[in-house]
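Colleague: Output the structure for:
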Amino acid sequence: MTDLLKYLLLTFLVVCAVSVARTRDLLAAVIIFTAYSLVMAIVWQLLASPDIAITEAAIGAGVTTLLLLAAISKTRRYE
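Modeller: Numbering: from 1, shown residues only. Take a look at the predicted model:
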């Protein structure tokens, strides 16, 4: 069960990384990046590295997301 979960999470990470690189919408890219960071924190936890998992969740999914959203809110969107 654990091996299947690890492979599913790693596949999800690759899909997130490719979709962040290919998306043109900045807000969608930030949301996908947040999902990537949260799944990466779960992977670190499964690899028995709780200190890195907490750091990834706090900085990767928390602080970075807030900073990117603040930067996007300061820009204008032209269609």
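Colleague: contacting residues around G60?
Modeller: Contact partners of G60, counting by Cβ atoms under 8 Å, 6 or more residues apart in numbering, are 37-38, 40-41. Yep, even glycine has a C-beta here, placed from its N, CA and C like the rest.
Colleague: I'd like those laid out as JSON lines, including pLDDT, neighbour count and secondary structure.
Modeller: Below are the contacts of G60 laid out as JSON lines (pLDDT from 0 to 100; neighbours: other Cβ atoms under 10 Å; DSSP: H, G, I helix; E, B strand; the rest coil):
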{"residue": "S37", "pLDDT": "94", "neighbour count": "19", "secondary structure": "helix"}
{"residue": "L38", "pLDDT": "94", "neighbour count": "17", "secondary structure": "helix"}
{"residue": "M40", "pLDDT": "94", "neighbour count": "20", "secondary structure": "helix"}
{"residue": "A41", "pLDDT": "94", "neighbour count": "22", "secondary structure": "helix"}
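Colleague: contacting residues for the most centrally placed residue in the chain?
Modeller: Nearest to the geometric centre of the chain sits Y36, at 2.4 Å (Cα atoms, centre = their mean). Listed by Cβ under 8 Å, 6+ apart, the contact partners of Y36 are 13, 16-17, 20.
Colleague: List the buried residues for whichever helix or strand it is part of?
Modeller: Element membership for Y36, per DSSP states H and E: helix 26-46. By 16 or more other Cβ atoms under 10 Å, the buried positions in helix 26-46 come out as 29-44.
Colleague: So which residues lie in contact with the helix or strand hosting Y7, not counting its own?
Modeller: Secondary-structure element containing Y7, defined by DSSP H and E: helix 2-22. Residues outside helix 2-22 that contact it (Cβ under 8 Å, 6+ apart): 29, 32-33, 35-36, 39-40, 42-43, 46.
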